[in-house]
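Undergrad: Need coordinates for the following:
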Amino acid sequence: MAIRSRNKVSANFNMSSMTDIVFLLLIFFMLTSTLVSPNALKLLLPSSSSKTLAKQTVSISITKELEYYINEDPVQFEFIEPMLIKTLSGDVDGSIILHVDKTIAVEEAVKIMDIANRNKFKLVLATNPN
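TA: Okay, here's the model as predicted:
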């Protein structure tokens, strides 16, 4: 007499739980990537309703204490132009994104704009969207 087992082991693999996990991870990374701030310095930027899309190569920030930063690295004003020339020398599409605190006099921003104009660099002034 042949005795057969009533419990059959299924060799099929169910992918529904795996796809649920993948979609949850996808949603998580999409939400957290929008919260990443490209500029870690806390500046009060002026507001604007226009948008300009440019490839960001170098970010220059001026704080309300008149401290200059290139890509989050503090730098003295005298060394800004040589560092920009060194950074943007081989980049044709590169541009400078200028982050200036709104309490700063326009003269300080114009100094950076003058450096960019002398060296034929593209410059975009960063603002907060309305």
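
Undergrad: Please count neighbours and contacts with C-alpha atoms only from this point.
TA: Noted.

Undergrad: helix or strand for Ile104, which one?
TA: Counting by DSSP states H and E, no helix or strand carries Ile104.

Undergrad: Let me know how buried the closest residue to it other than its chain neighbours is, in neighbour terms.
TA: Distances taken as C-alpha to C-alpha, 6 or more residues apart in numbering place Lys64 nearest to Ile104, at 5.9 Å, with adjacent residues excluded. Using other C-alpha atoms under 10 Å, the number of residues around Lys64 comes to 15.

Undergrad: Double-check that Lys64 belongs to a helix.
TA: No - membership of Lys64 in a helix is not supported by DSSP: H, G, I helix; E, B strand; the rest coil, which gives coil.

Undergrad: Can you verify my assumption that it contacts Ala105?
TA: No - Lys64 is beyond contact range of Ala105, at 9.4 Å (criterion: C-alpha atoms under 8 Å).

Undergrad: for the chain, longest helix please?
TA: Determined from DSSP state H, the single longest helix within the chain is helix 16-34.

Undergrad: what's the offset of that one from the middle of its chain?
TA: Averaging C-alpha positions (C-alpha atoms, centre = their mean, to the nearest Å) puts helix 16-34 22 Å from its chain's average.
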